[in-house]
Each structure stands twice: as C-alpha cells, then as structure tokens.
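S.K.: Quick one, fold the following:
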Amino acid sequence: MVRDWWRSLERAPEPLTERQWGSVIAATLFAAVSRFLALARTPWDWDELLFMLSLDHFDVARHRPHPPGFPLYVLSAKIIRKLGFGDFHSLQALSFLGAIAIVPAMFFLCRELRMRFSTSLCTAMLLAFFPNVWFYGGGAFSDVPSMTLIIVAITLLFAGCRDERAYLAGTAMLAIAGGFRPQNLAVGFLPFVIASLFRKKRIVVSAMVIITIVVGLSYGFAAWLTGWSEYRRALQVHQAYIMRIDSFLSPIRPPLWRVFDDFFVMPYHAPAINAIIGILALLGVIRLRPYVLVALAAFGPLCIFSWLMLDRFSASRFSIGYAPLIALLAADGLTTDTRRSQRLLWVLCASVVILMIAWTWPALAAVRQSIAPPIAAVDWIRNHVDRRSATIYIDTAMVPFGEFYLPDYQLRFVRELPPPPVWTRRQPGFWVREQESRSPNAENFTRPHGRLYELARQRYFEVSVQPVVDVVRFGSGWYWEEGEGAQAWRWMGSHSEALLPSISGDARLTLSLYVPLDALDALPNVTVRVNGMVVDRFRAGLKNAQCPVPSVKCPVPSAQCPVPSAQCPVPSAQCPVPSAQCPVPSAQCPVPSAKCQVPSAQCPVPSAKCQVPSAQCQVPSAQCPVPSAQRQVPSAKCRVTDSALED
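M.R.: Have a look, this model is predicted:
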C-alpha cells in the first residue's frame, strides 16, 4: 500500500468534478466570511504589542519582537502598513489573509497526499473552525499566517514530485515560511526530502541554495538591525529562559505526563469538542494510512518540541503549528470505505463544525465588541491624567502597552526600581498593573471570563489604574494577590518585605495572618520588623491570627531619627524589644516575671510562674512548645518569644 501511494505521487490527483469544485468554493467562501467575526477590536496580548513595537523599532535584543525575530512576518506587516493601515491592523490583516486561505490550502494539501475528496474537504473545514485557529486568526499574531504558509509550501512540494516548477515554488514558499517562524523548516523538511527524490540533483542543489539565501538573509538582516553581538546575546538569554522556565527541565513545570493533555487533548477547554476530536484523531492514528504516516513524520517533530519546550499556558496558541495534523487525523477517523457511509461522513463532519462554531461564538463576540482591558486602561490615562505633571508606574506585565501607547508620558517601570524602591521620592502619579485593585480610588478594567477564558491564555482579563498614594508596595518574598469576593490575600515565603507610604504622627498597623499548619513540620516563628527594628516575635500556633503592630512614634527612619531613641521609643517602656542599642531587656523588664514571661539571654528558661502555657503566659519556649487556646496573638504585655529565628 505504501509502494502504491509512493508511485501515485508521480501522477496528478484525480481531477475534480464540477460539483466538487462548487463544494470547495462554497466551503471557502463560508469560512472566509466567518473570519470577519473573529476580528478583534483592539490588541490584547503581550506578543501583539511586541510585534506592533517592532514595526517602527525592530530590535530583537529588546524583544521587539521575541527572538529570533520573525523577520519576514514583520516585513510583510510593514508593507501592508504602507497601504494606510495602522500598526495593529497591518498585523491583523496578515492573520486575516492567512485565515481565509486555510480551507483551499488544506484541501489541496490533502489532495496531494492522495486523500479522498470528502475527507480532504472535511479536514479543511475542521482545521478552519478549530476554536483556537478561528480565534487567533483575528488577532495580531504570526501563528495562523505561518501555519497557512507551511501548508501551501508542503502542497507545492508534493506537487513538485511531478512538476519541476511546483518543486521550486514549494522550495521558495518553504523558505518564506521559515522566515515567518523558523520551526516551519522542521515541518517542511520531510516533504522537501520526498520531493527532492523525484528531481534531478541540479534542481535539488538550486532549491537548497534558495532556502539558504532566503532564510539566511532574513535572520541575517534581523541580526544586523539588532546588532550582531546583541542579537547573539538575545538568542542565548532567550534560550536559557525557555530551558529554565518553560521546558521540561524547569523545576516549576509539571511533569510531561501532566501537560500532555494541554498540548494534544485540551489546548482549549471545550470538553465535548476535545473528546470528539481526540477520539477521531486516535482512530486516524490506528488506521495508519500512508498519508497519515507522512503527516505524522512532518508535524511530529514540532509536536514533540512543543510538548517538551514551550509554555504550557500558551498551548492554545502554540498548538496551531501542528493543528493541520490533528485535523487530518480527525477527518480520517471519520472516513469509511463504503459509498453509503459517505453521507454519514458529511453529516458527522458538519455536526462537529456546527458544535465548534456554537462553542466559539461567545468568545469571538467578546473580542470583537469590547476593548481589551490593557487598552482601556491606557486610554483612561490618556483622557484623565496630565502627562506634564504625573508619573505613570508601569508593572512588568504592562511594559509593552506603556511603551506603545504612552510614549509621551513620564514612565517608570516598576521592575527597574532599586530594592527597596524609594517611593517616598516619587512624583504624584498612577500605577498600572495586570490585576484588579480593591482600592476605592482605583479604576478597574475587566473582561468577563466566560468562554473566552477557556480559549485564550488566561491573562490580561483584569487591569487596574491606581493612584500611587494608595499603594502598599509588596517587595521581595510576596506572591501575586489572590482574592475571593471582597477579600484579598497574598502568600509569602520565609521572608518578605512591604513598603508603606510615609505618614506623619502615630500609626497602627494590623496584620491578619493565615498559617498553613497542616503543611508545616513545626510551628513557625514569626518576626515583625518596622524600619529594620523588631517590634514583635511570636510562634504561630493557630491557623488564623491577628497581629497588631505596636504604635510607633517615629515610623520612618531619617537623618534626625535613624535608630530608636528616647524621642523615638520602639516599642513601649513596659517590654522593650532588644536591638543594637538595647541588646537586653531594660530595667523595667530585667528577667521573666508574671508580667513579662519572655525568655532572653539572661533568662533562657521561663520562671516558676510560667512553667507551662497559661492565661498569664501563652508564649512558646523549649519547656512550653505549644501556645494555649487563650494565647493566640502577641499582646502589649508580652511581645517577644524565646526564639530569635527569622520569620
């Protein structure tokens, strides 16, 4: 069977009947019209902004765009921009053109692979209406036009088995596809080898020269624009980042068996569609027809590479690169060998397409009708903030949005602030971040989750613009804010820092702590410092604790008050906290007593009045490891435990 298939490559596929041509044209028009429904109103994702920035300032070292640069994709968008399109719509136009060409490109590829007419058209329709393919075909990404280009290249290469001109055209198209995304060269390698076996050596050498020149010039020009050393350094840093964060070698990435379904079963979370496509694709693999073997060999390396190396959170978009393989396998799983069952094939294929349309429609409506939260946030700033007097503090996730839409504002990127950030010297301004804020003075811009949350990468659904005077700056050791309803919280590591705005006069700060005791081997020691001075120590014996920080007369160290003194007592005189100026308890608290049962260097063991936890002394020690029910939090009379351990 494989030998017969191989010999058939020297002949043209069976010509289409008039009725079949009508079906192909109708399917192409139907899919093309549907692409208008996916056109996003505004950019939304980080990568879209990087591509937009690259149109005027191509610099791979600054990730405009990501390494290795996608040079021919950016060049194509620059050409379209000459026609009067804006930056976003130039890139979007490329995606749109690639999307409307999916059906004819995939159909004729299947025909060149010697698949039946019905199976070929079914494959093309499934691919066009895969939710992720349909959705990302309306944005400013390179994935869909890149996919269409490699399909066209492979089609021409297989046609080149019998036609020299088609072979050279396929070679040129493969080189262009490689200039869009370099992984296309891996996909097109096997079809190029197969087609080359039918051509003379002289023609094959010419084809290899074409690929070398086009790809070499593309990425060479990208390196020249960036700077040779900077470009090489950018590639090295980006590779190291992928290995450390995204790849299977990353300690924070789940094991491969856990992410298998993200890349091959559920790249978007539509259980019914995922199950149907998965079962049909499995049937196609089991049958293992010759064209299935070729498709697996062509797209298989990209599948494995994506599974091993790429960000699992973006599997919905990254899986577009090998979506043609999934569509081909699924359509082949529907195929039967009887003429009577061909009608059933059309019914089943149409049913699956209708199901995908119904599921994807709400997500498309959301991006088509609404402004993306990051764009709404920067638009609010341009309409409400004076660029001459205000400073805009841009969180790391919002950097490209600030660079593109707010170039005439005074921007300060939070990631560039020295540790700890000197917020006391800041100008009045606003903080833009990818997170909803619960501050009463903040402006929140959100996009409902719904179906879109199951399809796209789950970021930039909430963006806030917050006056900096309301900001508590969470520094090292803190994780991202989480919340439910009106409640918000942050997890912390073994040590964390937070910077509060400066104030005048007295202050009272209360920390609400949750301690995951079930996950810890021992009760943790908690130390609270203000301006580097210990104001509280206790051993957390309960999951939930309220920790009132003592009032401080001089909350911010300065040249006038760098350390505690008689004018700046921290804490009170009843039980002062040891420090560099006061290493041992004072005269008011020389040794543990009924009023101050705290072990110290002078009194490591609790006194006779404090042998075990009680209502008078609920402080853990070597002799008293567990706090009593009545001693939940530090009190004004007893703020220091026996331990000097940090956090």
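S.K.: Sketch out the low-pLDDT regions of the stretch 201-350 of the chain for me.
M.R.: Under the criterion pLDDT under 70, the flagged ranges of the stretch 201-350 of the chain are 336-341.
S.K.: what about the helices in it?
M.R.: Remark: helices of the stretch 201-350 of the chain, listed N- to C-terminal, are 201-226, 228-241, 256-264, 271-287, 290-309, 315-318, 323-334, 342-369; assignment by DSSP state H, counting those that start in this stretch.
S.K.: could I get those helices as CSV with mean neighbour count and distance to residue 87?
M.R.: For the C-beta atoms, the positions are set from N, CA and C on the backbone; glycine is no exception. Compiled in CSV, the helices of the stretch 201-350 of the chain are given as follows (neighbours: other C-beta atoms under 10 Å; distance: least, C-beta to C-beta, whole Å):
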stretch, mean neighbour count, distance to residue 87
helix 201-226, 16, 17
helix 228-241, 14, 22
helix 256-264, 15, 31
helix 271-287, 16, 34
helix 290-309, 18, 28
helix 315-318, 23, 20
helix 323-334, 26, 27
helix 342-369, 16, 18
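S.K.: Any idea which of these gets closest to residue 78?
M.R.: Nearest to residue 78, of all the helices of the stretch 201-350 of the chain, is helix 201-226, at 12.0 Å by C-beta to C-beta.
S.K.: Does anything pack onto that closest one? Which helices or strands?
M.R.: Contact here means 3 or more C-beta pairs under 8 Å, 6 or more residues apart in numbering; DSSP states H and E; on that basis helix 201-226 packs against helix 71-81, helix 164-180, helix 184-196, helix 228-241.
S.K.: To residue 265, which of these lies closest?
M.R.: Using C-beta to C-beta, these put helix 184-196 closest to residue 265, at 21.0 Å.
S.K.: So residue 280 is in contact with residue 328, correct?
M.R.: No. Between residue 280 and residue 328 there is no contact, the gap being 10.5 Å when judged by C-beta atoms under 8 Å.
S.K.: For the chain, which segments are assigned as strands?
M.R.: In order along the chain, the chain carries the following strands (DSSP state E): 391-394, 410-413, 429-433, 443-446, 462-467, 473-474, 482-484, 487-489, 498-499, 509-514, 525-530, 533-539, 544-549.
S.K.: Show me the one of those strands that comes nearest residue 241.
M.R.: Each of the strands of the chain was scored for nearness to residue 241 using C-beta to C-beta, and the closest is strand 410-413 (18.4 Å).
S.K.: strands paired with the closest one, and their directions?
M.R.: Within its sheet, and counting by DSSP bridges, strand 410-413 is paired with strand 391-394 (parallel).
S.K.: got a list of contacts for the strand it pairs with?
M.R.: 381, 385, 401-402, 406, 409-414, 426-432, 468 (C-beta atoms under 8 Å, 6 or more residues apart in numbering).
S.K.: go with 6 Å
M.R.: The contact list for strand 391-394 (C-beta atoms under 6 Å, 6 or more residues apart in numbering) reads 402, 406, 409-414, 427, 429-432.
S.K.: Give me the mean pLDDT for that strand.
M.R.: Model confidence over strand 391-394, given as mean pLDDT, is 87.
S.K.: Renumber starting at 18 from here on
M.R.: Okay, residue one is now 18; in that scheme the one you just asked about reads as strand 408-411.
S.K.: Any idea how far that strand is from the middle of the chain?
M.R.: For strand 408-411, the distance from its own C-alpha centre to the chain's C-alpha centre is 23 Å (C-alpha atoms, centre = their mean, to the nearest Å).
S.K.: coming back round to it: now the helices and strands packed on helix 218-243 in CSV, please, with extra columns for distance to residue 291.
M.R.: Listed next are those as CSV, based on distance: least, C-beta to C-beta, whole Å:
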stretch, distance to residue 291
helix 88-98, 29
helix 181-197, 28
helix 201-213, 23
helix 245-258, 30
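S.K.: pLDDT score for the residue nearest to residue 198 when sequence neighbours are not counted?
M.R.: Nearest residue to residue 198 in three dimensions, chain neighbours excluded: residue 163, at 4.4 Å (C-beta to C-beta, 6 or more residues apart in numbering). Each residue has a pLDDT score; the one for residue 163 is 97.
S.K.: repeat for the one 4 residues further on
M.R.: Residue 167 is assigned a pLDDT of 97 by the prediction.
S.K.: Next: the one 10 residues further on.
M.R.: Per-residue confidence (pLDDT) for residue 177: 95.
S.K.: Format the CA atom coordinates belonging to stretch 361-372 as PDB.
M.R.: Taking only C-alpha atoms (Å, rounded to 0.1, in the frame of the first residue of the first chain), the coordinates of stretch 361-372 have been written out as PDB:
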ATOM      1  CA  LEU A 361     -22.800   9.900   7.200                       C
ATOM      2  CA  LEU A 362     -19.300  11.400   6.900                       C
ATOM      3  CA  TRP A 363     -20.800  14.700   5.700                       C
ATOM      4  CA  VAL A 364     -23.400  14.700   8.500                       C
ATOM      5  CA  LEU A 365     -20.800  13.900  11.200                       C
ATOM      6  CA  CYS A 366     -18.300  16.500   9.900                       C
ATOM      7  CA  ALA A 367     -21.000  19.200   9.600                       C
ATOM      8  CA  SER A 368     -22.200  18.400  13.200                       C
ATOM      9  CA  VAL A 369     -18.700  18.800  14.600                       C
ATOM     10  CA  VAL A 370     -18.200  22.000  12.700                       C
ATOM     11  CA  ILE A 371     -21.500  23.400  14.000                       C
ATOM     12  CA  LEU A 372     -20.600  22.400  17.500                       C
END
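S.K.: which intervals of the stretch 518-664 of the chain have sub-threshold pLDDT?
M.R.: Scanning the stretch 518-664 of the chain for pLDDT under 70 picks out the ranges 518-522, 524, 560-664.
S.K.: cutoff 50 now
M.R.: Across the stretch 518-664 of the chain, the ranges flagged by pLDDT under 50 are 569-664.
S.K.: picking that back up, could you export the strands of the chain as CSV, including mean neighbour count and distance to residue 50?
M.R.: Supplementary listing: the strands of the chain in CSV, determined by neighbours: other C-beta under 10 Å; distance: least, C-beta to C-beta, whole Å:
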stretch, mean neighbour count, distance to residue 50
strand 408-411, 23, 40
strand 427-430, 16, 42
strand 446-450, 24, 38
strand 460-463, 17, 31
strand 479-484, 21, 33
strand 490-491, 17, 49
strand 499-501, 10, 42
strand 504-506, 12, 45
strand 515-516, 16, 54
strand 526-531, 13, 53
strand 542-547, 19, 63
strand 550-556, 22, 67
strand 561-566, 16, 57
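S.K.: Switch the ones you listed over to JSON lines; also include distance to residue 304.
M.R.: Rendered in JSON lines, the data for the strands of the chain read as follows (distance: least, C-beta to C-beta, whole Å):
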{"stretch": "strand 408-411", "distance to residue 304": "54"}
{"stretch": "strand 427-430", "distance to residue 304": "54"}
{"stretch": "strand 446-450", "distance to residue 304": "51"}
{"stretch": "strand 460-463", "distance to residue 304": "47"}
{"stretch": "strand 479-484", "distance to residue 304": "46"}
{"stretch": "strand 490-491", "distance to residue 304": "56"}
{"stretch": "strand 499-501", "distance to residue 304": "47"}
{"stretch": "strand 504-506", "distance to residue 304": "53"}
{"stretch": "strand 515-516", "distance to residue 304": "61"}
{"stretch": "strand 526-531", "distance to residue 304": "55"}
{"stretch": "strand 542-547", "distance to residue 304": "63"}
{"stretch": "strand 550-556", "distance to residue 304": "65"}
{"stretch": "strand 561-566", "distance to residue 304": "59"}
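S.K.: Of those, which is nearest residue 168?
M.R.: For the strands of the chain, the distance to residue 168 is smallest for strand 479-484, at 36.1 Å, taking C-beta to C-beta.
S.K.: what comes into contact with the closest one?
M.R.: Applying C-beta under 6 Å, 6+ apart, the set of residues contacting strand 479-484 from outside is 390-391, 394, 397, 447-451, 453-454, 456, 458-463.
S.K.: I'd guessed residue 45 sits against residue 120; true?
M.R.: Yes. With contact defined as C-beta atoms under 6 Å, residue 45 counts as touching residue 120 (4.7 Å).
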